[in-house]
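In: What follows is a predicted structure for the sequence shown.
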Amino acid sequence: DAKTTQPPSMDCAEGRAANLPCNHSTISGNEYVYWYRQIHSQGPQYIIHGLKNNETNEMASLIITEDRKSSTLILPHATLRDTAVYYCIVRVALGAAGNKLTFGGGTRVLVKP
Amino acid sequence: KAGVTQTPRYLIKTRGQQVTLSCSPISGHRSVSWYQQTPGQGLQFLFEYFSETQRNKGNFPGRFSGRQFSNSRSEMNVSTLELGDSALYLCASSLAEGASGELFFGEGSRLTVL
């Protein structure tokens, strides 16, 4: 499985965009990039996912480089409630063997007023 | 609609005991997976069930086991508890069999082993 590398922590000013990088240089063609966040030991919350194209939803945007070796999660207007640990995950479908998520260390994001 | 429900939310056991955790997936979801989260090891995949069949298993000892019922509810069991089993155990469910579907997590069961 492809592994992901994220910075351990970052600060962001409230109201500004937060750009969270993720490196997944060993990703293969059938692996998706998923982003989840976890707020204070609650269950991880889905944010967004993509395969090749950039994606946007009501929470965030996902920018995937053309070679798919890295991606950036963008929170367009960070609020204090966005303070959380953000996980970049590569998710591979194993066919009959099922799905398996491999979590990295995540990025601890602190949104400051 | 109701989310993934895990019970109990909190429990305390002593070494050597066994524990059973329950997970009710979102209605209609047939895939259920389990994860262990500890401060030292982070989030680690335990196993996944789809239509009552275990499809994948993480690198955990045989003391960790699970099953899925015909209504897609799942249970995991840990026997002969060790101090290191103290963790947040998370369950997730998915509608799709492949990797393109969203995975929904429950709030977890926090196990403390004394």
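Out: Perfect, thanks for sending it. Numbers count the residues shown, from 1 in each chain, chains lettered A, B, ... in the order given.

In: Enumerate every residue touching the spatially closest residue to residue A:75 that is not a sequence neighbour.
Out: Of all residues not flanking residue A:75 in the chain, residue A:18 sits nearest, at 4.2 Å (CB to CB, 6 or more residues apart in numbering or on different chains). The C-beta positions use only the backbone N, C-alpha and C, and glycine is treated the same way. With contact taken as CB atoms under 8 Å, 6 or more residues apart in numbering or on different chains, residue A:18 is in contact with A:10, A:12, A:74-75, A:78, A:82, A:109, A:111.

In: From these, which land in strands?
Out: Counting by DSSP state E, those place A:10, A:12, A:74-75, A:109, A:111 in strands.

In: so which of these would you say is closest to chain B?
Out: The nearest member of the ones in strands among the contacts of residue A:18 to chain B, counting by CB to the nearest CB, is residue A:109 at 16.2 Å.

In: what's around that closest one, how many residues?
Out: 21 (other CB atoms under 10 Å in any protein chain shown).

In: Could you do residue B:12 as well?
Out: 12.

In: any chance you could map the strands in chain A?
Out: A:9-13, A:18-23, A:31-38, A:45-50, A:55-56, A:61-64, A:70-75, A:84-93, A:99-103, A:107-112.

In: need the least confident one among those strands, by mean pLDDT.
Out: Out of these, strand A:99-103 stands lowest, with a mean of 74 (criterion: mean pLDDT).

In: for chain A, what are the nearby residues on chain B?
Out: B:4, B:31, B:33, B:35, B:37, B:42-45, B:48, B:50, B:55-56, B:58, B:88, B:90, B:92, B:94, B:97-100, B:102-108, B:110 (CB under 8 Å from any CB of the partner chain).

In: May I see the ChimeraX selection of the buried members of those?
Out: Remark: buried members of these, expressed as a ChimeraX selection using 16 or more other CB atoms under 10 Å in any protein chain shown:
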select /B:4,31,33,35,37,43,44,45,48,50,55,56,58,88,90,92,94,97,98,99,103,104,105,106,107,108,110
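
In: which of the ones in strands among the contacts of residue A:18 sit farthest apart?
Out: Farthest apart among those by CB to CB are A:74 and A:111. That separation is 14.0 Å.

In: Many thanks, I have nothing further to ask.
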